[in-house]
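In: Here is a sequence with its predicted model. Questions after.
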Amino acid sequence: MRRTILMVLAALVGFVGVLQVASDPTPPPEFNIGIGDHPDGASAVPSAWYCPWVEAGDVIDSAISVASERDTTVDLTLLDPLTNAEPTTFAFEMIGPGATGIETGNLVRRGESPGIIEFSDGPAAGISMRWADGQIAADRCVVSVRNQWYLTGGATKTGTFTQLRLFNPFADNAEVTITAYSEFNLDLIPDLDTIDVGGRSWTTIDFEPYLPFRDELAIRVTTTSGFIIPVLVRTDEHGEAVWNGTALSENWEFPVAAPGGLEPSIAVMSGGKNDVIVSVDIVTEDGMITDARTITLDASVPASIPLGDLAAPPYGVRVRSTAPIAATVVAVVPEF
């Protein structure tokens with residue numbers, strides 16, 4: 001049984017505080033390319049949030065947590081693992097501003113069951129959380145849909161496993177191409193050139209059989225028809241962590257926490273064909289350390305930028321690059 005948390009992700013809603021940065025904020029990456037007109041966050045309109053990694057069974061439990069600034073009707077749909085089977089639905093009224101959580105095992109207990117949260121008003125947002133004995137993993141659900149997603153921070157080195165969940169919450173089928181990158185540059189996987197994901201269903205890909213012994217693993221997910229929501233899951237003997245796909249941006253801002261002696265780093269990948277200069281600024285209670293670390297990121301070769309020797313967490317990180325990149329904060333149990 002996994003006994004400790006493998007990673008602490010900066011994107012976990014409600015687990016980290018907000019750090020104020022002195023200079024003008026830079027625009028966040030845009031995620032609303034595809035369908036819909038919502039940004040990657042709560043907005044004052046009705047919205048649907050997609051939660052790919054939800055499970056309740058004999059060992060694992062999960063919960064959906066929601067928050068809204070206004071009175072809203074919340075409709076929760078949990079899909080059945082059997083394609084075309086009737087989903088489980090649950091609706092309730094929430095007085096805003098307010099928040100609440102729903103344990104999915106109290107609604108249905110059938111193993112994997114990705115969910116959809118629909119709000120009648122906003123701003124509102126949702127996260128999903130799953131846990132077992134001694135472990136917890138969580139991330140925000142996704143409110144907007146793209147044709148192309150990037151996921152960094154994976155690995156398949158000995159004892160570490162990476163899975164990719166492709167969740168299609170829509171009625172139409174989706175056709176997906178998976179492109180993988182590692183420290184060995186582009187890693188071709190012919191079996192993943194074209195993957196069909198049926199409407200209102202999902203598929204999970206284990207990368208260890210395809211690309212074993214990779215210290216750095218990043219993935220690009222492209223849909224040629226339809227839309228999907230991807231999520232990456234990394235596990236080892238210490239636990240499990242899960243995070244969503246992102247767009248590319250030249251500016252990223254993360255809070256960083258590393259309880260229990262975890263070792264934090266930033267997993268990055270270039271989205272173009274040229275090398276990129278990546279700079280890291282550290283924001284602490286005492287001020288900002290500009291250019292605390294700078295690297296040259298090779299095109300199509302993911303890398304990890306260590307943070308543990310730069311400051312004592314918690315602190316804020318600003319990542320700047322000369323061209324768009326994907327970035328994720330990951331914290332792992334140190335190897336001795």
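Out: Looks like it came in fine.
In: Buried residues in stretch 46-57, which are they?
Out: Across stretch 46-57, burial judged by 16 or more other CB atoms under 10 Å covers 47-56. To be clear about C-beta, it is placed using only N, CA and C from the backbone, and glycine gets the same treatment.
In: Quick one: the strands in the stretch 101-250 of the chain, in order.
Out: 111-112, 115-119, 124-132, 135-140, 148-154, 161-168, 174-182, 185-187, 195-197, 201-206, 217-225, 229-236, 239-244, 249-256 (DSSP state E, counting those that start in this stretch).
In: Let me have the ones you listed in JSON lines, extended by distance to Ile289.
Out: Below are the strands of the stretch 101-250 of the chain laid out as JSON lines (distance: least, CB to CB, whole Å):
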{"stretch": "strand 111-112", "distance to Ile289": "43"}
{"stretch": "strand 115-119", "distance to Ile289": "39"}
{"stretch": "strand 124-132", "distance to Ile289": "31"}
{"stretch": "strand 135-140", "distance to Ile289": "28"}
{"stretch": "strand 148-154", "distance to Ile289": "23"}
{"stretch": "strand 161-168", "distance to Ile289": "32"}
{"stretch": "strand 174-182", "distance to Ile289": "30"}
{"stretch": "strand 185-187", "distance to Ile289": "32"}
{"stretch": "strand 195-197", "distance to Ile289": "43"}
{"stretch": "strand 201-206", "distance to Ile289": "39"}
{"stretch": "strand 217-225", "distance to Ile289": "27"}
{"stretch": "strand 229-236", "distance to Ile289": "28"}
{"stretch": "strand 239-244", "distance to Ile289": "26"}
{"stretch": "strand 249-256", "distance to Ile289": "13"}
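In: just these: most buried one?
Out: Most buried of the strands of the stretch 101-250 of the chain by mean neighbour count (mean count of other CB atoms under 10 Å) is strand 148-154; its value is a mean of 25.
In: Could you check how far that strand is from the centre of its chain?
Out: Distance of strand 148-154 from its chain centroid, counting by CA atoms, centre = their mean, to the nearest Å, is 8 Å.
In: same for that strand, what does it pack against?
Out: Contacts defined by 3 or more CB pairs under 8 Å, 6 or more residues apart in numbering; DSSP states H and E place strand 148-154 against strand 217-225, strand 229-236, strand 239-244, strand 263-270, strand 315-332.
In: out of those strands, nearest to Thr177?
Out: Judged by CB to CB, the one of the helices and strands packed on strand 148-154 that comes nearest to Thr177 is strand 217-225, at 4.7 Å.
In: Pairing partners for that closest one, with directions?
Out: Sheet pairing for strand 217-225, assigned by DSSP bridges, gives strand 148-154 (antiparallel), strand 174-182 (antiparallel).
In: For the nearest residue to Arg318 once chain neighbours are set aside, report the pLDDT, please.
Out: Among residues not flanking Arg318 along the chain, Asp281 sits closest, at 4.2 Å (CB to CB, 6 or more residues apart in numbering). Note for Asp281: predicted pLDDT of 96.
In: who are the neighbours in contact with Asp281?
Out: 288-292, 317-320 (CB atoms under 8 Å, 6 or more residues apart in numbering).
In: now do 10 Å
Out: By CB atoms under 10 Å, 6 or more residues apart in numbering, the contact set of Asp281 is 21, 23, 253, 288-293, 310, 316-320.
In: Helix or strand: which one has it?
Out: strand 276-284 (DSSP states H and E).
In: average model confidence for the helix or strand just after that strand?
Out: Using DSSP H and E, the helix or strand that follows strand 276-284 in sequence is strand 287-297. The average pLDDT within strand 287-297 is 95.
In: got a list of contacts for strand 287-297?
Out: With contact meaning CB under 10 Å, 6+ apart, strand 287-297 is reached by 21-23, 266, 268-270, 274-283, 303-307, 309-311, 315-323, 325.
In: Show me how to select, in PyMOL, the buried members of these.
Out: The PyMOL selection below is limited to those of these classed as buried (16+ other CB under 10 Å):
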select buried, resi 266+268+269+270+276+278+279+280+281+282+283+303+304+305+307+310+311+315+316+317+318+319+320+321+322+323+325
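In: how about low-confidence regions in the stretch 51-200 of the chain?
Out: Across the stretch 51-200 of the chain, residues meeting the criterion (pLDDT under 70) sit at 83-84.
In: can you rerun that using 80?
Out: Low-confidence segments of the stretch 51-200 of the chain, defined by pLDDT under 80: 81-85, 134.
In: Equivalent analysis for the stretch 201-336 of the chain, please.
Out: Scanning the stretch 201-336 of the chain for pLDDT under 80 picks out 258-260, 335-336.
In: what's the burial count for Asp193?
Out: Using other CB atoms under 10 Å, the number of residues around Asp193 comes to 11.
In: Would you check how far apart it and Phe213 are?
Out: Taking CB to CB, to the nearest Å as the measure, Asp193 and Phe213 are separated by 22 Å.
In: picking up where we left off before, just send the helices and strands packed on strand 148-154 back as TSV, with distance to Pro87 too.
Out: As requested, the helices and strands packed on strand 148-154 are arranged in TSV below (distance: least, CB to CB, whole Å):
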stretch	distance to Pro87
strand 217-225	22
strand 229-236	16
strand 239-244	21
strand 263-270	34
strand 315-332	30
